[in-house]
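*Asks:* Need a 3D model of the following:
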Amino acid sequence: MTLAPGSVLNHYRIESLVGTGGMGSVYRATDARLGRHVAIKVLSRDAARDDVRLQRFFREARTVSTLNHPNILTLHEIGESDSGPYLVTEMVLGRTVREILREGPVDVGRALDLGIQAARGLAKAHEAGIIHRDIKPANLMVTDDGYVKILDFGLAKLLGSEAVLTEAGVDPNLTREGAVVGTPAYMSPEQLGGLSVDGRCDLFSLGVVLYEAISGANPFLRGNLADTLAAILGYDPPPLAREVPGVSTSLSEIVDRLLSKSPDRRIRSASELGALLEQQRSGEIGSATGSPRPLRRRTAFLWGGAAAALAAAVFVRGGLLTNPADDPAEPARPRVMAGLVPPATSQVPRGMVGVAVVPFEDDSGEPALRDADVGHLLANAFTQILTDVAGYYVISERRILALTETRGLRPDEAATDPGFGAALAGELGAGALLSGRLSRLGETFVLSASLLELPSDVVLKSFQAQSETVEGLLEDLPELVTARILGPGTPLPEGTPPETVPTRSIDAYSHYLRGEDLLIEGIWEDAVEELNLAVEEDPEMGLAWSALSCAYSFSGDDVRARAAHQKASEFLHSLNEKERRWVELDGIWVTTGNGDQYLQKMQQYINDYPDDPRNFLYAGMGLEWLQNRPEDAIEWYETARELMPLNFPVVKTTADCYLKLGRRADAVRVLEEYAHHPFLGDDNRGRASEALDLIRNP
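*Replies:* Numbering: from 1, shown residues only. Below you'll find the predicted structure:
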């Protein structure tokens, strides 16, 4: 029923009809009590006929009404009338972004302003636990005085799919009511999958809006619903820097991250997005254009008929949008990469608690311990022990390092960042964070550690030990951890001896960690030197011998690599199961070079430790160097590069493989993307420049 001008709704006098849509009708009205102009949205009973859902919406709307932010449309009142449920909001004059974009794309500066203001409004809402779920150009209004106002908070959750599909101009009969929440061309993949969502679904939608605002086209919109859904699920739009002249690679990367299929790979919060866009606007980061960075291409489906068929097969079961491949009765076939099967996820295996271990704080005041990097040392010792504790999965240190590096931080700095735990939980699947402190009381060293649940920060376990020496603390760690994790008197899992700490020599441990860091960075000769010092301090440190074997192998010294591997094999008792299996893999490489055997064992290792980035690098190397299959290796290298974007050996190996394949342009692209990263250190930037010079001037 349409309200006529001059009619009264409670104490509001209707002046005119502003517009109608699938959600209801919007009227301009006057508040007779306060004498102010307001907008009234009357929701149709058809759109909100579920009384339980309607009451839930009213509760959420009351929370929305408490939000006081210049970028959120102020909600004055909610109520019910004979015409249907209604909302009363402030009356603002302006145009929606949809109306603005009908005139064509906007310049980058205007798009940044839009994104910054929208991100600020979303940050305020997300802090209050409110998710919009239907961010789109029609729900963003630019007022006459330049403010961006986010409209219609909570309506998508209330109305379900049919109304929003109708409003979007697509046939709602292609899906059932309740299956899809949001407007299809702006919806996140997790919304399509009927999964639980958080604020990152709004960030995906805002990313689509930004892409459209700058390029002039929604990257996912197709001629019908099936193709649109397929595009969201499987199509990676080309980077903006490639599509629009003048767009910086850094801004292009921000939008690419927003459009990631996995929420864990997106920018982690609206407040962080706002800060990144502010930096873009002020020119602090990446103002120069350059080669665009194509992100995460490995998960994209082939576009065309196959993807359209996939989307057409998406169907509703139990009110959720589901993919038939997820049906337990018809398990999805794993994608095969050159004879190896990648893990279904690079995160924590199902049924296990992912534990992120970060460097401890060193409050001991001992210069020698500071020089030995005792905080890193203690974290590694806990890692070695926890790796074999049933039910826990220790997240790869390399993944944590990559997460912090791409934010311009170190793990020890990030541990004090309030948002770090949330980032670990969201991006790496961590369910717990282990951190601690080493202090000194008189002549006694005190080690305190805690295992915090993420993202709640509830203490799950706490650890404390005292000793006259740090070596004594290391010796007591296995018993301490197992007593607190498994219960007093409980032994470690079968096959794992109590001497799980790799060494009780601080000097040996320190040299090992330095050597391992150098090994990861591809500085082979210095790594060999540090690791040799480690085994001189403790000739029975199997972990150091294993790393030394790899360092010699990379240096081209196969004889010494085999000798170091033999020593590592003699001291397997000091290694956890994961490291013992790595020694086995290393032995196949340096002693037999049997590619088939190596890749078979690597497959088993990947299955059990899916988040370790070195898996993908070494699998690629096995294909390239042991089986002479560089065309198959390149996809694995690109996966390793995705997981460790600031690791020079990974980048250089990928570029070299492209050169071997005769793909010079791709080799240059990979190195340029690396060299242009805003948080890359000067030394590695120089290494990238040297490699580029060699390609351009052979």
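
*Asks:* hey, let's count contacts and neighbours off CA atoms from now on
*Replies:* OK.

*Asks:* what bits of the stretch 51-200 of the chain have low per-residue confidence?
*Replies:* By pLDDT under 70, the weakly predicted segments of the stretch 51-200 of the chain are 51-61, 63, 154-183, 194.

*Asks:* Same question for the stretch 451-600 of the chain.
*Replies:* Looking at the stretch 451-600 of the chain by pLDDT under 70, you get 486-500.

*Asks:* quick one, strands of it?
*Replies:* Applying DSSP state E, counting those that start in this stretch to the stretch 451-600 of the chain gives strands spanning 459-467.

*Asks:* For the stretch 101-250 of the chain, which segments are assigned as helices?
*Replies:* With DSSP state H, counting those that start in this stretch as the definition, the stretch 101-250 of the chain shows helices at residue ranges 108-127, 155-168, 189-192, 200-215, 225-234, 240-243, 249-258.

*Asks:* and the fourth one, how far from the chain's centre?
*Replies:* It refers to helix 200-215. Relative to its parent chain, helix 200-215 has a centroid offset of 17 Å by Cα atoms, centre = their mean, to the nearest Å.

*Asks:* Please identify the most buried of the helices of the stretch 101-250 of the chain.
*Replies:* When you average the neighbours per residue for each of the helices of the stretch 101-250 of the chain (mean count of other Cα atoms under 10 Å), helix 200-215 leads with a mean of 25.

*Asks:* residues in contact with the residue most central in space within the chain?
*Replies:* The chain has Arg265 as the residue nearest its centroid, 2.6 Å off, counting by Cα atoms, centre = their mean. Shown in contact with Arg265 (Cα atoms under 8 Å, 6 or more residues apart in numbering): Arg257, Glu427.

*Asks:* Could you measure from it over to Ala381?
*Replies:* Distance, Arg265 to Ala381, using Cα to Cα, to the nearest Å: 29 Å.

*Asks:* Same question for Ser188.
*Replies:* For Ser188, the distance to Ala381 - Cα to Cα - is 40 Å.

*Asks:* Which one's more surrounded, these two?
*Replies:* Using other Cα atoms under 10 Å, the more surrounded residue of Ser188 and Ala381 is Ser188, with 31 against 20.

*Asks:* looking at it, the more buried one is touching Gly207, isn't it?
*Replies:* No - taking contacts as Cα atoms under 8 Å, Ser188 lies outside contact range of Gly207: 10.0 Å.

*Asks:* how deep is Tyr12 tucked in, by neighbour count?
*Replies:* Residues contacting Tyr12 under the criterion other Cα under 10 Å number 23.

*Asks:* burial of the residue nearest to Gly104 when sequence neighbours are not counted, as a residue count?
*Replies:* Excluding its sequence neighbours, the residue lying closest to Gly104 (Cα to Cα, 6 or more residues apart in numbering) is Gly216, at 5.8 Å. Neighbour count for Gly216, taken as other Cα under 10 Å: 17.

*Asks:* Assign a three-state SS to Leu87, would you?
*Replies:* Three-state call for Leu87 (DSSP: H, G, I helix; E, B strand; the rest coil): strand.

*Asks:* roughly how far apart are the residue nearest to it when sequence neighbours are not counted and Gly129?
*Replies:* Closest residue in space to Leu87, ignoring its immediate chain neighbours: Ile78 at 4.5 Å, by Cα to Cα, 6+ apart. Using Cα to Cα, one gets 19 Å for the distance from Ile78 to Gly129.

*Asks:* which one of those two has more residues nearby?
*Replies:* Just comparing Ile78 and Gly129: by other Cα under 10 Å the higher neighbour count belongs to Ile78, 17 against 13.

*Asks:* CA-only coordinates of the helix or strand containing the more buried one in CSV, if you can.
*Replies:* Assigned by DSSP states H and E, Ile78 belongs to strand 75-81. What follows is strand 75-81, C-alpha atoms only, in CSV (Å, rounded to 0.1, in the frame of the first residue of the first chain):
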residue,chain,number,x,y,z
LEU,A,75,18.6,5.9,12.4
HIS,A,76,16.1,7.8,14.5
GLU,A,77,13.3,5.3,15.1
ILE,A,78,12.0,1.8,14.2
GLY,A,79,8.4,0.7,14.5
GLU,A,80,5.4,-1.1,13.0
SER,A,81,2.3,0.2,11.4
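
*Asks:* List the strands paired with that strand, with their directions.
*Replies:* For strand 75-81, the pairing partners within the sheet under DSSP bridges are strand 84-90 (antiparallel).

*Asks:* Which parts of this structure belong to which domain?
*Replies:* As given by automatic domain parsing, the domain ranges for the chain are 1-91, 94-326, 353-485, 613-698.

*Asks:* Distance from the third one to the middle of the chain?
*Replies:* So the one you mean is domain 353-485. Its chain's C-alpha centre and that of domain 353-485 lie 22 Å apart, by Cα atoms, centre = their mean.

*Asks:* Same check on the last one?
*Replies:* Average the C-alpha atoms of domain 613-698, do the same for its chain, and the two points are 22 Å apart (Cα atoms, centre = their mean).

*Asks:* tell me the average confidence for it?
*Replies:* Across domain 613-698, the average pLDDT comes to 92.

*Asks:* just use 26 as the starting number from now, easier for me
*Replies:* OK, 26 is where the count begins now, so the last one is domain 638-723.

*Asks:* distance between the ends of it?
*Replies:* Chord length of domain 638-723, first to last residue, is 31 Å (Cα to Cα).

*Asks:* quick one on the thing from earlier: the domains of the chain: which one's closest to Glu609?
*Replies:* Each of the domains of the chain has some distance to Glu609 by Cα to Cα; the shortest is domain 638-723, at 13.5 Å.

*Asks:* wait, what's in contact with Asp542?
*Replies:* Here Asp542 is in contact with Ala552 (Cα under 8 Å, 6+ apart).

*Asks:* Against Ala644, how distant is it?
*Replies:* 21 Å.

*Asks:* what do you get for Leu502?
*Replies:* Distance from Leu502 to Ala644, by Cα to Cα: 34 Å.

*Asks:* What residues does Pro564 make contact with?
*Replies:* Per Cα under 8 Å, 6+ apart, neighbours of Pro564: none.

*Asks:* Now it. Its backbone dihedrals?
*Replies:* Main-chain dihedrals, Pro564, degrees, to the nearest 10: phi -60, psi -10.

*Asks:* mind checking how far it is from Trp570?
*Replies:* 8 Å.

*Asks:* ditto for Ala136
*Replies:* Distance from Ala136 to Trp570, by Cα to Cα: 55 Å.

*Asks:* Export only the CA atoms of stretch 397-408, formatted as PDB.
*Replies:* Only the C-alpha atoms of stretch 397-408 are listed here, as PDB (Å, rounded to 0.1, in the frame of the first residue of the first chain):
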ATOM      1  CA  ALA A 397      72.000 -14.600  21.300                       C
ATOM      2  CA  ASP A 398      68.400 -13.500  20.500                       C
ATOM      3  CA  VAL A 399      67.100 -15.500  23.400                       C
ATOM      4  CA  GLY A 400      63.500 -14.500  22.800                       C
ATOM      5  CA  HIS A 401      63.600 -16.100  19.300                       C
ATOM      6  CA  LEU A 402      65.500 -19.100  20.800                       C
ATOM      7  CA  LEU A 403      62.800 -19.800  23.500                       C
ATOM      8  CA  ALA A 404      60.000 -19.500  21.000                       C
ATOM      9  CA  ASN A 405      61.700 -22.100  18.800                       C
ATOM     10  CA  ALA A 406      62.200 -24.400  21.700                       C
ATOM     11  CA  PHE A 407      58.500 -24.300  22.500                       C
ATOM     12  CA  THR A 408      57.800 -24.900  18.800                       C
END
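
*Asks:* residues making contact with that stretch?
*Replies:* 382-387, 419, 460, 462-463, 499, 502, 506, 526-527, 531-532, 534-535, 538.

*Asks:* Keep only those of the residues you listed that are in helices.
*Replies:* Using DSSP state H, Leu499, Leu502, Val506, Ile531, Asp532, Tyr534, Ser535, Leu538 are the members of those that sit in helices.

*Asks:* No further queries at this time; thank you.
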